Structure formats: C-alpha cells, structure tokens
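Chemist: Sharing a model prediction with you, sequence too.
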Number of protein chains: 2
Amino acid sequence: MSSICLPLAISDEEVDRIDRIVERGRPLRRGDHVFRAGEAFESLYAVRSGAVKTYTLTEEGEEQIMGFHLPGELFGMGGLSAGRHPNSAAALETSAICEIPFARMEPLSRDIPGLQRHLFQLMSREITEDQQLMILLSKKSAEERIASLLLGLSSRFKQRRLSPRTFRLPMSRGDIGNYLGLVVETVSRVFTRMQRSGVLEVAGKDVTILEPERLAEMAGTRLEER
Amino acid sequence: MSSICLPLAISDEEVDRIDRIVERGRPLRRGDHVFRAGEAFESLYAVRSGAVKTYTLTEEGEEQIMGFHLPGELFGMGGLSAGRHPNSAAALETSAICEIPFARMEPLSRDIPGLQRHLFQLMSREITEDQQLMILLSKKSAEERIASLLLGLSSRFKQRRLSPRTFRLPMSRGDIGNYLGLVVETVSRVFTRMQRSGVLEVAGKDVTILEPERLAEMAGTRLEER
DNA sequence: CGACAATTTGACTCAAGTCAACTAGGGTGG
DNA sequence: CCACCCTAGTTGACTTGAGTCAAATTGTCG
C-alpha cells in the first residue's frame, strides 16, 4: 500500500521497512486540516484517497491556494528546509492521509540510496511546478489557465491509472479560481464556453474531455502571443 | 570579501577556508550569461557588483523572469536538488560575480554546522519569495505590484547599507513588466502616475521614494479586497 | 424537508492591453 | 568630439478580457 505513497523502485524488504513507519488512518472530512502554516515540520504526507489543497494566507488574510494534491501524491515538503510548514493543508473532500514521520525516515534514507534522490526530485518538481504556475499567472488568459489545469489533472489521473478523459473535480469553482487567479464567475463562464464549443462535457464537478487535442491547443499559444 | 557573499557568523579561520574556494573575477557585461537552463549544477553564485536576473523560457519561447539579484545576494540554488539549473541567469548591467564550487563546499559544510543550515534557509527563503510573487501575480493590481517591487528593492538596498530612499534600478522597464506580469506601457504609466502623485521621483532608472508610507499603503490592500 | 452554500447567467464597468507615434538616451565610428 | 542610429521609454487613443454586482438556479447536508 505504501508503494502507492512512495512509488519507487526498491526491494520488497525495503518497502516493508518504509511500511512500518507510515502511519495510516486519519480519515479527514472536507475542510479538516492536515497541518497549518507555522507548525513544526515533522512529517511528510501522502494522499491515500480524496484530495488536499495547500495554501497560504496573504497579509490581508485572504487564502491563496498553492497546489492540489491527488491520491498517490506527496505533499508538505515545503517545510523541509525551514523546519516549519510555510503553508496550510486542508482536505477538499473526505480523505485518507498517510503520515510519514521524517525523523524516522532520515536513517532509512542513508541505507536506501534511491530514497534520498527521490525526495530531492520531489522537491525540485515542486519548484518547477511553482514556476509553471507563475508563468500561467503572469502570461496566460483565463481560458488558457483553465485548459492547463484540466490537462494537468487529466495527466495526473492517468498516471494513477484512472481515466484521463472523465473525472470528478475534487475542488470547488472557487478553489479553481483562487488557484488560477480568477474570480468564480469567470471560471464558471469558461466552463460553459468550453462546453458549448464541444471541447468539454461538464456536469457540476464531473468533467469529460471530449476533444483533448483542442484543449491542448487552448492551453498553449493564444493568437500572436504577447 | 567573501563575507559579503556569504554573510554568516563564523570564525575568521572559517571565512578563510571559504575564501579559498571562491572564484573571483569574471566581469560580465549586460546580457552575458552566468549559466543557462539545463546546464549541470556545479556552483552557487553571488553577486559582487552589478545585478543579475534569473529566468526561464515558456514553451512558446518567451522569457519569464523569476527574480532579480543584487550585490551580496546568492543565486543559482534552484538547481541544487535536481542537479541541473532549471533557469538561466544573465547580467542586467556590468557585473562581477563570484562562483562557489559546490563540490568543494560540501565537505566544508560538514565542519561548519552553521553553513548547512544557512544554505537550507536560503533555499527556503527562495521558495517563500516565489510564493509571494505568486500572490502578487494572482491578486494584485498593476500599482500594487510595482509598489511592492520598489519596496522590496528598497529594503534590500537598505540591508546592504545603501540608501533605501534613492537608488538606481538595474533592470529595464521591460524586465520589470515581464517579472510582474505587465506590459512595458503599463509599467511606464504607473511610474508617471506615482511621480505625479508625489510618491516617487523618477528620472529614467533613478528612483527616489518621497513618501515611503504612502508607497507601502499602495502595495497593500486595495479597496475592499477581492 | 428546509436552509444555506455553490454555481450559473446577465448587464455593466474598468484596468490593463494593443497599436501607433513620438522622444530621450547611450554608445559607436568617423 | 559629435553626428547618427538603435534601443528604451513615454504618451495618447482605442479595445477588450475579466471583474463587479445582482439575481436566479441548483446542490447538499443536517
């Protein structure tokens, strides 16, 4: 099971060792927090089922969502360097989370060379994703932002062997807007527009991508560039 | 001298050891690259004089500036985890850069406990800054963005014991716009507007902050929020 | 079955982008 | 040393994508 949490090419015996330090259970309900900004960093977390958002608060107390985390994905490593979590993490729907105490992981990572590298890669991937998001926020239109988000989700579902064509959005329109720097109304309008143009089939949180190629086109270059 | 590059509470002897591995010289001219995206990560860099921008290219080949680096600041640690630089770094004006070969630094960091922590803190600060930028990009108006940038620069100049009130912008209007997700014309207009309202004195790249309090106000909450 | 929250839709506004023309600097070669 | 050229910056007129406000509709959970 923890092979889902930490997909990595290691021996059964090693899986076992990791398995023993992973703490299970902890079923969370929509809105429950996994951790809050400022708390000491003690564990990494993996989504077993459900979905999680990580966010910070602006000086004015508004929420800014930094990322969504789907089953099989790790989160909470933002605090690794600083020793405390720079942002909060809350469940988007009923979720099962596994906790991986970091202190017990460090000795392991000495014995399993792949593990250390794997963690570094995860951190670096997070930085890359942040940068992608910055580009999205600074240069893309509402349509491009939403197309990118949908394609990203689609490919992540595919990785987890779920349908990349049809899936249920775990987050609200408000969350999508917050994440992408748009207001709810705009998110809603773009969804209906995409539906009308036949690219998507949308029914509440259930989305079907009818024309992936066209969606990809929409996510990319928009006329003439800037 | 390297105490400027790595400001850190360590003994003279230790400064000496670090000093010996820092490579000097390398005067760069406007537009010259320190490193390019994709190159192997081998060193950290510090700005001795001048200024540097780090940027990535979007899929469409446009530049997206990720940060500006002033004298005394380290840059290029984005590649630390991945092993290769995720973005490029170019001089904004004639600059002197010191290079700190990372391989020679690692043994040192075992002996100097503060050093390792210092590096982690730097990485974590970079992540925090990226997140601040994301909030800026997703929630703030043109005026707020520029006010924030100016205040940020001001406080960084102050840290380096330069005037926080009067300074020369090392980057072009175009670079500012690119960084903040605005077009040049907007940047230019906001500058003139701030000048007319008496908050700033602007003459080309020379800026004087006349009313810091008002600028800070502009950087913060803008009517009613979102 | 309500009651409240989330979503959608329409009408209107406005901040920032686009296009275009003009001006000011900065650096180079004669 | 200065004329010229090229790039950077400014300004104005106009357009537009996304935000705001408001109202209707749907969904959801206790």
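Modeler: That came through fine. Just so you know, these numbers come straight off a predicted model, no measurement behind them.
Chemist: Point out the residues in chain A that sit beside chain B.
Modeler: In this structure, chain A approaches chain B at residues A:56, A:58-60, A:62, A:64, A:66, A:78, A:81-82, A:86-87, A:120-121, A:123-124, A:127-128, A:130-131, A:133-135, A:137-139, A:178, A:180-181, A:183, A:220-221, A:225-226, judged by Cβ under 8 Å from any Cβ of the partner chain. C-betas here are computed from N, CA, C, even on glycine.
Chemist: In helices, which of those appear?
Modeler: Among those, the members found in helices (DSSP state H) are A:120-121, A:123-124, A:127-128, A:130-131, A:133-135, A:137-139, A:178, A:180.
Chemist: Can you report how many residues neighbour the residue lying closest to A:Ser95 once chain neighbours are set aside?
Modeler: In space, and not counting its chain neighbours, A:Ser95 is closest to A:Gly50: 2.5 Å by Cβ to Cβ, 6 or more residues apart in numbering or on different chains. Number of residues near A:Gly50 (other Cβ atoms under 10 Å in any protein chain shown) recorded here: 20.
Chemist: ok, now which ones touch A:Gly50?
Modeler: A:28, A:71, A:91-97, A:170 (Cβ atoms under 8 Å, 6 or more residues apart in numbering or on different chains).
Chemist: now do A:Asp130
Modeler: A:Asp130 is in contact with A:66, B:127, B:130-131, B:134, counting by Cβ under 8 Å, 6+ apart.
Chemist: From those, which one has the minimum pLDDT?
Modeler: Across the contacts of A:Asp130, the smallest pLDDT goes to B:Ile127, namely 83.
Chemist: Top of the contacts of A:Gly50 by number of neighbours, please.
Modeler: A:Ile97 (26 neighbours).
Chemist: per-residue confidence for it?
Modeler: We have a pLDDT of 89 for A:Ile97.
Chemist: same check, this time on the one 3 residues further on
Modeler: Confidence per residue is given as pLDDT, and for A:Ile100 that number is 84.
Chemist: One more: A:Phe68?
Modeler: pLDDT, read off for A:Phe68, is 96.
Chemist: How about it: what's its closest non-neighbour residue?
Modeler: That would be A:Lys53: by Cβ to Cβ, 6+ apart, it lies 5.5 Å from A:Phe68.
Chemist: surely the one you found meets A:Asp175?
Modeler: Yes: counting by Cβ atoms under 8 Å, A:Lys53 touches A:Asp175, with 6.3 Å between them.
Chemist: So for those two, which sits in the more crowded spot?
Modeler: A:Lys53 (23 against 19).
Chemist: circling back to that earlier point, possible to save the contacts of A:Asp130 as a markdown table with distance to DNA strand D?
Modeler: What follows is the contacts of A:Asp130, written out as a markdown table (distance: Cβ to the nearest atom of the strand, whole Å):
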| residue | distance to DNA strand D |
| --- | --- |
| A:Met66 | 18 |
| B:Ile127 | 25 |
| B:Asp130 | 21 |
| B:Gln131 | 19 |
| B:Met134 | 14 |
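Chemist: ok, back up a step: so who does the residue nearest to A:Phe68 touch?
Modeler: Contacts for A:Lys53 (Cβ under 8 Å, 6+ apart) come out as A:65, A:67-69, A:89-90, A:92, A:171, A:175, A:179.
Chemist: What's the separation between it and A:Ala90?
Modeler: For A:Lys53, the distance to A:Ala90 equals 6 Å [Cβ to Cβ, to the nearest Å].
Chemist: How about A:Gln131?
Modeler: Counting by Cβ to Cβ, the gap from A:Gln131 to A:Ala90 is 24 Å.
Chemist: what does A:Val184 give?
Modeler: Counting by Cβ to Cβ, the gap between A:Val184 and A:Ala90 amounts to 18 Å.
Chemist: that older thread, show the buried residues in the ones in helices among the residues of chain A next to chain B.
Modeler: Listed as buried from those are A:123-124, A:127-128, A:130-131, A:133-135, A:137-139, A:178, A:180; burial here means 16 or more other Cβ atoms under 10 Å in any protein chain shown.
Chemist: does A:Glu93 count as helix, strand or coil?
Modeler: Recorded secondary structure, A:Glu93: coil (DSSP: H, G, I helix; E, B strand; the rest coil).
Chemist: lowest-pLDDT helix or strand in chain A?
Modeler: Here the helix or strand of chain A ranked lowest by mean pLDDT, DSSP states H and E is helix A:2-5, holding a mean of 50.
Chemist: from what I can see A:Phe68 touches A:Phe75, true?
Modeler: No: using Cβ under 8 Å, A:Phe68 is not in contact with A:Phe75; the gap is 9.3 Å.
Chemist: Quick check: neighbours shared by the two?
Modeler: A:Val52.
Chemist: Number of residues surrounding the residue nearest to A:Thr56 when sequence neighbours are not counted?
Modeler: Spatially, and ignoring its direct neighbours in sequence, A:Thr56 is nearest to A:Asn87 (4.4 Å; Cβ to Cβ, 6+ apart). Neighbour count for A:Asn87, taken as other Cβ under 10 Å: 25.
Chemist: for A:Asn87, phi and psi?
Modeler: Note on A:Asn87: its backbone torsions stand at phi -140, psi 170 [degrees, to the nearest 10].
Chemist: again with A:Arg214
Modeler: The phi/psi pair for A:Arg214 (degrees, to the nearest 10) reads phi -70, psi -40.
Chemist: gap between it and A:Arg196?
Modeler: 13 Å.
Chemist: neighbour count winner among those two?
Modeler: A:Arg214 (16 against 9).
Chemist: I figured the more buried one was touching A:Val199, is that so?
Modeler: Yes: the criterion here is Cβ under 8 Å, and A:Arg214 meets it with A:Val199 at 5.1 Å.
Chemist: Would you mind listing what in chain A touches DNA strand D?
Modeler: With the criterion set to Cβ under 7 Å from any atom of the strand, chain A comes near DNA strand D through A:141-143, A:181-183, A:185-186, A:204-205.
Chemist: Can you list phi and psi of A:Ala40 for me?
Modeler: Here A:Ala40 shows phi and psi, under degrees, to the nearest 10, equal to phi -60, psi 140.
Chemist: what residues are up against it?
Modeler: The contact partners of A:Ala40, by Cβ under 8 Å, 6+ apart, come to A:83-85.
Chemist: partner residues bridging it?
Modeler: When assigned by DSSP bridges, A:Ala40 has beta-bridge partners A:Arg84.
Chemist: and chain A, which residues reach DNA strand C?
Modeler: Chain A comes close to DNA strand C at residues A:172-174, A:184-185, A:187-189, A:191-192, A:202, A:204-205, A:224, A:226, as judged by Cβ under 7 Å from any atom of the strand.
Chemist: And the buried ones among the residues you listed, selectable in PyMOL?
Modeler: Here is the PyMOL selection string for the buried members of those, based on 16+ other Cβ under 10 Å:
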select buried, chain A and resi 173+187+188+191
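Chemist: wait, doesn't A:Pro170 sit right on A:Phe68?
Modeler: Yes: using Cβ under 8 Å as the test, A:Pro170 is close enough to A:Phe68 to be in contact (7.1 Å).
Chemist: where in chain A is pLDDT low?
Modeler: Along chain A, segments meeting pLDDT under 70 span A:1-26, A:221-226.
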